[in-house]
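Peer 1: What follows is a predicted protein model with its sequence.
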Amino acid sequence: MASFDHEYRRLEASSGTSTDASAIHNAHQEYLQWGVQLGFGGVALMLGLIVVMIKDAQQLAYPARWATQSLVTIFAIACLFNCALFDALIGDYFCFTIGLLLTYGAMKPDPETSRTIAV
C-alpha cells in the first residue's frame, strides 16, 4: 500500500470527518507522489529522468528530436496535474510513445533498402 494512501486514511480517521477515502489512491501530482514515497531523492530521480530523456533526444535528427522533446515537455507538465506514471492510463501512452520516438530517432536508414520515388 502506498504511504500517501495509508497516511491519508489514518489522518482522516483521527480527525472525525468522513470523506470517501476509498477513492484516494495517490497525491494527484506526480512530483508530490514521488516526494511522499521516496523523499527529496524521489523528486530528484523524477526530474533526472526527464532531463535524461531530453538529453537523449538532443542526439536525434531534427524531426524526432523536436517530437520527443515536445512529448517529454508535455509529460512534465501533465505530471503537475496528475500521477501520470502511477495510476493514470495516460502514463502507458507517454511511456510507449516516448520509447517509440527515441527508438525511431536512433535508427539509421539503410541506403541499400531505402527507395526514393521520382515525381
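Peer 2: Alright, I've got the coordinates. Numbering: from 1, shown residues only.
Peer 1: Give me the buried positions along the helix or strand containing residue 32.
Peer 2: Using DSSP states H and E, the element containing residue 32 is helix 30-38. The neighbour-count check on helix 30-38 (16 or more other Cβ atoms under 10 Å) flags 30, 31, 32, 33, 34, 35, 36 as buried. To be clear about C-beta, it is placed using only N, CA and C from the backbone, and glycine gets the same treatment.
Peer 1: thought the first one was touching residue 90?
Peer 2: Read it as residue 30. No: the criterion here is Cβ atoms under 8 Å, and residue 30 misses it with residue 90 at 11.0 Å.
Peer 1: Find residues that contact each of the two.
Peer 2: 82, 84 (Cβ atoms under 8 Å, 6 or more residues apart in numbering).
Peer 1: thinking again about what came up before, what element comes up after the helix holding residue 32 heading to the C-terminus?
Peer 2: helix 40-57.
Peer 1: Convert that next one to PDB, retaining C-alpha atoms only.
Peer 2: The C-alpha coordinates for helix 40-57 follow below in PDB (Å, rounded to 0.1, in the frame of the first residue of the first chain):
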ATOM      1  CA  PHE A  40      13.700  14.500  -1.900                       C
ATOM      2  CA  GLY A  41      15.700  11.800  -3.700                       C
ATOM      3  CA  GLY A  42      12.500  10.700  -5.400                       C
ATOM      4  CA  VAL A  43      11.800  14.100  -6.700                       C
ATOM      5  CA  ALA A  44      15.400  14.400  -7.900                       C
ATOM      6  CA  LEU A  45      15.100  11.000  -9.600                       C
ATOM      7  CA  MET A  46      11.900  12.100 -11.400                       C
ATOM      8  CA  LEU A  47      13.500  15.300 -12.600                       C
ATOM      9  CA  GLY A  48      16.600  13.400 -13.500                       C
ATOM     10  CA  LEU A  49      14.500  11.000 -15.700                       C
ATOM     11  CA  ILE A  50      13.000  14.000 -17.500                       C
ATOM     12  CA  VAL A  51      16.400  15.600 -18.100                       C
ATOM     13  CA  VAL A  52      18.000  12.400 -19.400                       C
ATOM     14  CA  MET A  53      15.100  11.900 -21.900                       C
ATOM     15  CA  ILE A  54      15.600  15.500 -23.200                       C
ATOM     16  CA  LYS A  55      19.400  15.000 -23.400                       C
ATOM     17  CA  ASP A  56      18.900  11.700 -25.200                       C
ATOM     18  CA  ALA A  57      16.700  13.400 -27.700                       C
END
